[in-house]
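*Asks:* Sequence first, then the predicted structure, then my questions.
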Amino acid sequence: PPSLELQGVCVHYGNQAAIEHASLTVGGGELMALVGPSGCGKSSLLGSINRMTDSIPGCRVSGRVLLGDEVISARRDPATLRRQIGMVFQQPNPFPLSIIDNLRFPLSEHGVPRRDRDALAEQALRAVGLWEEVKGRLNQSALGLSGGQQQRLCIARALVLEPQVLLLDEPCSALDPVSSKVVEELIVSLKGRYTLLMVTHNLAQARRIADSVTVCWVEAGCGCVVESNGCRQV
Ligand code: ADP
Ligand code: ADP
């Protein structure tokens, strides 16, 4: 997979800076942990990568984002980014649909032919270790799954589009300790196949599984500054 690079990215909400001059590089197939206090701009930074920020009124992003050699921040049609850059949130948020339709839906949205969808769905469920658990109840509601299973389904829903990058915003922090461990091990298993950028409040987790750690902090009156420190220990 390609590397992901941010060069001097700034995110403003109206006149207020949320992120100033964020520069970092996640090596292709590596996992970077992004840590820092609440409100320092970590979610805004993730949003500037897949351009979720475009839909927020008054939000402006500047600077450059590169995927491999391509300056994706210059792309006119950010919708095309959703396929290359998957996203997983803190709170598991499966669609209120059946388990299988959670995977068919994004495939349908992206124009994948109907006849190919179920094979891709199975492949994604296998990749997150959920296939054996749910293969007998694919047509039951995803909302009947446990929290940890729902989060793995959300990861599968991102992976089913075969993205190159996966953005994870505190993917384990809403889960019980056992599920959290399962999802953590799943994330580790994705290294090498995807380029991963994960926000976490859990420094022990960052140290355990990340190839590099970036620290984000707040400076008085000046939004937030990000320093990327390669493999420095936290
Ligand atoms: P973190 O993820 O590190 O907690 P956020 O990116 O959520 O930080 O927020 C960074 C700053 O941007 C905060 O001051 C927050 O209040 C502000 N902010 C976030 N989202 C919005 C929004 N939609 N409109 C206005 N301000 C926002
Ligand atoms: P749904 O059954 O979920 O409504 P469709 O089968 O109608 O989905 O297709 C969803 C999208 O995929 C549409 O944009 C459609 O044009 C496109 N699509 C469907 N089949 C093909 C195909 N064989 N080749 C290319 N695009 C297709």
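*Replies:* Now that the structure is in, tell me what you want to look at. Numbers count the residues shown, from 1 in each chain. Ligands and ions are numbered 1, 2, ... in the order given.
*Asks:* quick one: Ala17 from ligand 1, how far?
*Replies:* Using C-beta to the nearest ligand atom, to the nearest Å, we find Ala17 at a distance of 8 Å from ligand 1. The C-beta positions use only the backbone N, C-alpha and C, and glycine is treated the same way.
*Asks:* Quick check, that residue in contact with Val11.
*Replies:* Yes. Contact criterion C-beta atoms under 8 Å: Ala17 and Val11 qualify, at 7.3 Å.
*Asks:* So the two - more neighbours on which side?
*Replies:* Each of Ala17 and Val11 has its neighbours counted (other C-beta atoms under 10 Å); Val11 has more, 25 against 20.
*Asks:* Bridge partners for the more buried one, pull those for me.
*Replies:* On DSSP bridges, the residues paired with Val11 through beta bridges are Ile19, Val61.
*Asks:* Would you check that it makes contact with Cys40?
*Replies:* No. Contact criterion C-beta under 8 Å: Val11 and Cys40 do not qualify, at 11.5 Å.
*Asks:* Surely Asp186 is in contact with Cys154?
*Replies:* Let me fix one detail, which is that residue 186 is Leu and not Asp. No. The pair Leu186 and Cys154 fails to qualify as a contact (C-beta under 8 Å) at a distance of 11.3 Å.
*Asks:* And these two? Which one has more around it.
*Replies:* Comparing Leu186 with Cys154 by other C-beta under 10 Å, the one with more neighbours is Cys154, at 25 against 20.
*Asks:* Okay, the more buried one and Met87: tell me how far apart.
*Replies:* Applying C-beta to C-beta, to the nearest Å, the value for Cys154 to Met87 is 9 Å.
*Asks:* Centroid-nearest residue for the protein?
*Replies:* Centroid-nearest residue in the chain: Leu167, 1.7 Å away (criterion: C-alpha atoms, centre = their mean).
*Asks:* Okay then, goodbye and thanks.
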